[in-house]
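Trainee: predicted model follows, preceded by the sequence.
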Amino acid sequence: MEEFISKKEVLAKYGISYGALYRWKRMGLIPEDWFIRQSTQTGQETVFPKTLMCARMEEILAQKNENSLEELAETYRKRTENLQLVIRHAGGTGVSRLDLADIAWIGLSDGTDLTQMLREAAI
């Protein structure tokens, strides 16, 4: 089961503003699909995959004084733009290639979500 961290917890834990968080999202430092809307008793809140978000926040904060945010965003873009999921077909019938950036979800027939594992490997 995937663990999540709320937007409020991220802002408090890393000492950043709401504006900075959404600016980093627009720049591509934090992927759009990490912003997950979740229903609560009082409405909705935004949560993030905890492992991915905490690793990314720590990396950004550690590097932002040495590199510009634009340079960091370019680094993240380059990491994922050429990654492909390669599937070798049984019986030697060929290979399928899918750009990782084009995959919204991948899983097993029992419902197991493999998307998170692929994203963590791409970080």
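Mentor: Nice, I can see it. In this text, all values refer to a predicted model and were calculated from it rather than measured experimentally.
Trainee: okay, now residue 55: neighbour count?
Mentor: Look at residue 55: counted by other Cβ atoms under 10 Å, it has 13 neighbours. Where C-beta positions appear, they are placed from N, C-alpha and C, glycine not excepted.
Trainee: next: residue 48.
Mentor: For residue 48, the count of nearby residues is 22 (other Cβ under 10 Å).
Trainee: now do residue 54
Mentor: As a burial measure, residue 54 scores 16 neighbours (other Cβ under 10 Å).
Trainee: read off the pLDDT value for the closest residue in space to residue 6 that isn't next to it in sequence.
Mentor: Sequence neighbours aside, residue 47 is the residue nearest to residue 6 in space, at 5.3 Å (criterion: Cβ to Cβ, 6 or more residues apart in numbering). As predicted, residue 47 sits at a pLDDT of 94.
Trainee: likewise residue 77?
Mentor: So residue 77 comes in at 80 (pLDDT).
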